[in-house]
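Novice: here is a sequence together with a model predicted from it:
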Amino acid sequence: MQKYTSQEFNLPQEINGISSKQIEEHLKLYAGYVKHSNLIQEKIELLLQDKEQNSYIISELNRRFGFEFNGMRMHEYYFEQLEEGLKEINPESNLNQKIINDFESFGNFIEKIKEVTKTRGIGWVIVYFDKKQDNLNISWVSDHELGQLGGLQIILAIDLWEHAFMVDYLPNEKGQYIEKYLENINWEKVEKRF
């Protein structure tokens, strides 16, 4: 069984509008997802020694694994987007050309992201690329293990669970957090995913 390891992120010392305390607490949560992904895998391996007796427990652990694993992976997308500080999108990049094709301008694309982030509740806003349809999709996902758009490549992920901003912003200030997060994205990282 291969173990998952916490990724080290090359985050800037200062992120405009997001405190180091907020990042520190959020990284602890990410480390928990990594830890629990490994613990579940270890427990399943142990329980498989008596599959018949442990089938129900194995099934429930497999269900929980999706939550822990996707929590780990989504946070990796989230933090990678902040690595090395703000880098604006390259106007000549393939991603920017796709954005212009699908949304008419980068500004419209950002406004659409902001519109979707206003969805009530906790969850994620994810920008996907659909190779089959050759278009970008901006979608709300409440739980990171449920509601993902099947087969689509994740291009950008924004965490809207309260743990992502509650050190710095109150729940009714979520819009301020979104503005600041979007102002800090390293678009080179996003372009590489595309």
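Specialist: Sure, I can see it. Residues are numbered from 1 along each chain as shown.
Novice: could you use CA atoms for every contact and neighbour count after this?
Specialist: Will do.
Novice: tell me where the chain has helices.
Specialist: Taking DSSP state H as the test, the helices found in the chain are 20-47, 51-80, 94-103, 106-117, 174-183, 187-193.
Novice: for those, which one sits closest to residue 162?
Specialist: Residue 162 lies closest to helix 174-183 among the helices of the chain, at 8.5 Å (C-alpha to C-alpha).
Novice: and the closest one, what does it pack onto?
Specialist: Using 3 or more C-alpha pairs under 8 Å, 6 or more residues apart in numbering; DSSP states H and E, no helix or strand is in contact with helix 174-183.
Novice: how much does it deviate in direction from helix 106-117?
Specialist: On the basis of axes from the mean of the first three to the mean of the last three C-alpha atoms, to 10 degrees, helix 174-183 is oriented at 140 degrees to helix 106-117.
Novice: gap between the residue sitting nearest the centre point of the chain and residue 142?
Specialist: Residue closest to the average C-alpha location in the chain (C-alpha atoms, centre = their mean): residue 74, at 3.2 Å. As defined by C-alpha to C-alpha, to the nearest Å, residue 74 lies at a distance of 12 Å from residue 142.
Novice: what's around the closest residue to residue 78 other than its chain neighbours, how many residues?
Specialist: Spatial nearest neighbour of residue 78, excluding adjacent residues (C-alpha to C-alpha, 6 or more residues apart in numbering): residue 157 at 5.5 Å. When neighbours are defined as other C-alpha atoms under 10 Å, residue 157 has 22 of them.
Novice: swap in residue 135?
Specialist: 14.
Novice: so it sits against residue 100, correct?
Specialist: No - judged on C-alpha atoms under 8 Å, residue 135 makes no contact with residue 100 at a distance of 11.0 Å.
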